[in-house]
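Student: can't give you the sequence, but here's the structure:
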C-alpha cells in the first residue's frame with residue numbers, strides 16, 4: 001500500500017459536500033466548453049482548428065494535479081512527453097506551448113506538507129526533450145506553497161541551458177514584486193492574477209488591485225527584456241496594456257502576446273487583435289478521461305466556488 005503525505009487525507013476530505021453531490025453529467029455539461037476533450041488526439045484537433053480557423057495559438061495543459069499513486073506520476077509524465085512530440089510535429093509557427101504544473105508529478109505535494117519528490121526531475125526531463133524538439137514549455141504557478149520550488153526549478157532549467165522554459169507569475173501574491181527581480185534574464189513570463197485563494201497577509205484580495213498590478217508588473221518585465229504573456233479576460237485591461245504600457249516601454253509585437261482561456265467567449269475581441277497583427281494564444285486544457293476532468297473540476301469548484309457563476313455568465317454571453 002502506498003503511504004500518503006501528511007495532510008493529504010484531510011485535504012481530500014475538505015471538498016465541499018455540496019460540490020460532491022452535483023451529478024457528474026452536470027459538471028461535464030458546464031465544463032465541456034472549457035475542456036478540449038478526453039484525449040491528446042482531441043486536444044490537438046482543437047489546437048489545429050483554432051490555428052487554422054481563427055489564427056490563434058495555443059498552450060496545452062493536462063488536467064492532472066493532486067495525484068495520489070506512483071502510477072499516476074508515470075501516466076502524467078508519459079502524457080507530457082507525448083504532448084511534446086505532438087507539438088513538435090506541427091510547423092514551428094503553429095506549435096502550441098506546453099504548460100507544466102509541478103503537482104502533476106509527485107505523490108508528496110507541498111500544499112499537503114510533502115517534499116514534492118520527483119516533481120523537479122520530471123519537469124526537467126520534459127523541458128529537456130521539448131528543448132531538443134523546439135517546443136516551449138511554461139511552468140505554471142500553483143498555490144503559494146509552491147512558489148519557491150517553482151522559481152528554483154526555473155533557475156535550474158536555465159542554468160542547464162533550457163531557455164525554452166518560461167514561468168507564470170500571480171499578481172495577487174505580495175511577493176511577486178520581488179520575485180520579478182529574481183527571474184533569469186530574458187525569460188518568457190505569463191502574467192495572471194491567479195485563481196488560488198490566499199490569505200490577505202500574503203496576497204492582495206481586491207481584484208481590481210490585482211489587475212492594476214498586472215499593468216505595473218508587465219511594464220517592469222518588458223523594460224527588463226522579458227517576453228510578456230498578458231493573460232486576462234478583462235478586455236479593458238488588455239486594451240490598457242496595449243495602448244498604455246506597450247507604447248510607454250517602446251517594444252515591438254515580438255515581445256508580447258495576449259492570452260485567454262479556451263471556451264471563454266471573447267471571439268470578436270480576439271479576432272480584432274489578430275487583424276492588428278497582435279499574437280493571441282488560448283490556454284487549452286484537456287484530460288485523459290472525462291472522469292479525471294470531472295474530478296479536477298470538482299476540486300476547482302471547491303477552491304473557487306465563484307467559478308460556477310463565471311461559467312453561467314459565460315454561457316449567457318455565448319448565447
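Tutor: Thanks, I have the structure now. What you see is a predicted model; the values in this text were computed from it and never measured.
Student: strands of the stretch 51-200 of the chain, start to end?
Tutor: 57-62, 97-100, 137-139, 165-170, 188-192 (DSSP state E, counting those that start in this stretch).
Student: Throw the ones you listed into JSON lines and include distance to residue 261, thanks.
Tutor: All C-beta atoms are positioned from the backbone trio N, CA, C, and that covers glycine. Converted to JSON lines, the strands of the stretch 51-200 of the chain look like this (distance: least, C-beta to C-beta, whole Å):
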{"stretch": "strand 57-62", "distance to residue 261": "10"}
{"stretch": "strand 97-100", "distance to residue 261": "12"}
{"stretch": "strand 137-139", "distance to residue 261": "14"}
{"stretch": "strand 165-170", "distance to residue 261": "14"}
{"stretch": "strand 188-192", "distance to residue 261": "10"}
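Student: out of these, nearest to residue 298?
Tutor: For the strands of the stretch 51-200 of the chain, proximity to residue 298 was assessed by C-beta to C-beta; strand 57-62 is nearest, at 16.9 Å.
Student: give me the sheet partners of the closest one and which way each runs.
Tutor: Sheet neighbours of strand 57-62, with direction, are listed as strand 97-100 (parallel), strand 280-286 (parallel) (DSSP bridges).
Student: re the thing from before, residue 198: which of the strands of the stretch 51-200 of the chain is closest?
Tutor: If you check each of the strands of the stretch 51-200 of the chain against residue 198 by C-beta to C-beta, strand 165-170 wins as the nearest, at 8.6 Å.
Student: what residues does that closest one touch?
Tutor: By C-beta atoms under 8 Å, 6 or more residues apart in numbering, the list of residues contacting strand 165-170 from outside reads 97, 127, 131, 136-141, 150-151, 154, 157-158, 176, 179-180, 183, 187-194, 196, 217, 227, 229.
Student: 7 Å - rerun?
Tutor: 127, 136-141, 154, 157-158, 176, 179, 183, 187-194, 217 (C-beta atoms under 7 Å, 6 or more residues apart in numbering).
Student: for residue 167, list each beta-bridge partner.
Tutor: For residue 167, the residues forming beta bridges with it (DSSP bridges) are residue 139, residue 189.
Student: for residue 28, find the nearest of the strands of the stretch 51-200 of the chain.
Tutor: Scanning the strands of the stretch 51-200 of the chain with C-beta to C-beta as the criterion, the closest one proves to be strand 57-62, at 17.4 Å.
Student: quick one: buried residues of that closest one?
Tutor: 57, 58, 59, 60, 61, 62 (16 or more other C-beta atoms under 10 Å).
Student: grab the nearest non-local neighbour of the last one.
Tutor: Read it as residue 62. Distance criterion C-beta to C-beta, 6 or more residues apart in numbering; nearest residue to residue 62, sequence neighbours excluded, is residue 79 at 5.5 Å.
Student: fine by me, we can end here.
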